[in-house]
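# Just need the structure, nothing else, for what follows:
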Amino acid sequence: MFFKHAVHTLKEKDHELLCTGRDYRECVKLSKLKKFELKIVGKYGGSSKYAKLRASSGRIFDLANEIDKFQPDLCVSFSSPEAARVAFGLGIPHITFSDSPHAFAVKRLTIPFVNYLLCPWIIPYSAWKNLGMSKNQIIRYHALDPVAWIRRETINLHDGKLRKKYKLLKSNTIVIRPEESKASYLIDKNSNVNNILESIVENFHNTTNILVLCRYNDQIRQFNEKYGDKIRVLENVVDGLELISISDIFVGGGGTMTAESALLGKPTISISPIKFYVDDYLVKTRLIRKVANSSQVVKLLRHIQYDNAFKLKQKNHANRILIRMEDPVNKLMKIIDRFVAL
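Take a look at the predicted model:
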């Protein structure tokens, strides 16, 4: 999603492009859903550290073959250790994006090898100082990453059609996005997320449509087995903006969809088990509420679920913040033009 419109713009300028991604459920299916041409190279390693290492090593080898054949003048990635290693090894300049210095393992394998790092302005230069990146290599943009697509993506289906599509039989809808439990920065962390989600289901399933958009196949299986028909687990990858548009409240375990929902003005609750800069900014600007336990989330949901005045106020507040943000894609284009002009 982040690069879709950048790719379109570069093609209009007659640049030759090779877009790659790994064999990861959401990456593959979302690219097809969005009609984004992607060459799949290598696979996702899952939750095991050994499997992650093996998958990454294999992808470096396969990606090196592809890049050596393609012979690009520039590499642009969303903090890919494999792209960083291959670009560095083949002497190709590399620009990377990241809004996640908390993903320390990935950053240690990426940032030291790149020419420029682009990130949101809310992340201080000091967050990158131990990763081999000098201040003059960091280019910040006054935006959160979802701005790169949410201004361009529109929901064409009528709300009634969407309600029918997602089989919404009750008047209110809560959309839940579980945490990225297999990410390296969460594997060894103790989390209260499952208890929080269980409280939401038990307290609201009788009166509310509860839609759960899982990240992994085993998450889908676990939620189905545990909750049955109390919730609706979306087994297919769907358009996140479309799903957010039909929600009354969004509950996210951290990540992109939480920021999307917040910037679109939906009442948004973060149940992320860790602290990170984007969440902190969204809390500070009152675009999201963050909870740490089951009683907090139940109390907050009951407070805002039927409060239409709050929902309208939240929408207007988000619009005022969103309109002041710049487009990260424009920032990228200026840097690419600089490399092309060399």
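# Need the CA coordinates for the helix or strand that contains Ala148. PDB is fine.
Assigned by DSSP states H and E, Ala148 belongs to helix 147-150. Taking Å, rounded to 0.1, in the frame of the first residue of the first chain, the C-alpha atoms of helix 147-150 are listed here in PDB:
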ATOM      1  CA  VAL A 147      -1.100   9.300   4.600                       C
ATOM      2  CA  ALA A 148       0.700   7.900   1.600                       C
ATOM      3  CA  TRP A 149      -2.400   6.000   0.600                       C
ATOM      4  CA  ILE A 150      -5.500   7.100   2.600                       C
END
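# remind me which residues of the stretch 51-200 of the chain are low pLDDT?
Applying pLDDT under 70 to the stretch 51-200 of the chain flags the ranges 154-158, 181-191.
# any idea how far the helix holding Ala148 is from the chain center?
Distance of helix 147-150 from the chain centroid (C-alpha atoms, centre = their mean, to the nearest Å) equals 12 Å.
# what does stretch 258-266 give?
Distance, centroid of stretch 258-266 to centroid of chain: 12 Å (C-alpha atoms, centre = their mean).
# Tell me which strands the host helix or strand of Ile176 pairs with, and in which orientation.
For Ile176, the host element (DSSP H and E) is strand 172-177. When pairing is defined by DSSP bridges, strand 172-177 lines up against strand 208-212 (parallel), strand 249-252 (parallel).
# could you give me the average pLDDT of the helix or strand harbouring Asp337?
Using DSSP H and E, Asp337 sits in helix 328-341. The average of the pLDDT scores along helix 328-341 is 85.
# tell me which residues in it are buried?
Neighbour counts over helix 328-341 (16 or more other C-beta atoms under 10 Å) mark 328-329, 331-332, 335-336 as buried. C-beta here means a position set from N, CA and C on the backbone, and glycine is covered the same way.
# just stretch 84-100 next, same as before
Going by neighbour count (16+ other C-beta under 10 Å), the buried part of stretch 84-100 is 84-88, 92-100.
# rewinding a little: report all helices and strands that the helix holding Ala148 contacts.
The contact analysis (3 or more C-beta pairs under 8 Å, 6 or more residues apart in numbering; DSSP states H and E) places helix 147-150 against helix 4-12, helix 256-263, helix 328-341.
# Turn these into TSV, including distance to Ser295.
Output for the helices and strands packed on helix 147-150, formatted as TSV (distance: least, C-beta to C-beta, whole Å):
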stretch	distance to Ser295
helix 4-12	41
helix 256-263	21
helix 328-341	38
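# Would you map the helices across the stretch 101-250 of the chain?
Along the stretch 101-250 of the chain, the stretches classed as helices by DSSP state H, counting those that start in this stretch are 104-108, 147-150, 159-165, 193-204, 217-227, 240-245.
# Could you identify which of these is most buried?
helix 147-150 (a mean of 22; mean count of other C-beta atoms under 10 Å).
# List the contacts of that one.
1-2, 4-6, 241, 260, 263-264, 322, 325-329 (C-beta atoms under 8 Å, 6 or more residues apart in numbering).
# Buried only: go through those for me.
Among the contacts of helix 147-150, those buried by neighbour count (16+ other C-beta under 10 Å) are 1-2, 4-6, 241, 260, 263-264, 322, 325, 327-329.
# farthest-separated two in the residues you listed?
Based on C-beta to C-beta, the longest span within the buried ones among the contacts of helix 147-150 runs between Ala6 and Leu264 and measures 21.1 Å.
# His8 is in contact with Val329, correct?
No - applying C-beta atoms under 8 Å as the test, Val329 and His8 come out as separate, 9.5 Å apart.
# For Leu287, see how far away Ser261 is.
Going from Ser261 to Leu287 by C-beta to C-beta, to the nearest Å gives 9 Å.
# Then Pro146?
Note on Pro146: its distance to Leu287, by C-beta to C-beta, is 12 Å.
# Need the residues touching each of the two.
Residues touching both Pro146 and Leu287 (C-beta under 8 Å, 6+ apart) are Leu263.
# tell me which residues in the strand holding Ile176 are buried?
So for strand 172-177, counting by 16+ other C-beta under 10 Å, buried means 172-177.
# Pull the residues that contact that strand.
197, 200, 204, 207-213, 215, 231, 243-244, 246-253, 255, 257-258, 261, 301, 305-306.
# Kindly recompute the last result at 6 Å.
208-213, 243, 247-252, 257, 305 (C-beta atoms under 6 Å, 6 or more residues apart in numbering).
# Equivalent analysis for stretch 326-342, please.
Stretch 326-342 is touched from outside by 5-6, 74, 141-143, 148, with contacts defined as C-beta under 6 Å, 6+ apart.
# next one: stretch 47-61
42-43, 45, 82, 85, 182.
# Could you check which of Ser261 and Leu287 has the larger neighbour count?
The neighbour comparison of Ser261 against Leu287 (other C-beta atoms under 10 Å) goes to Ser261, with 31 against 25.
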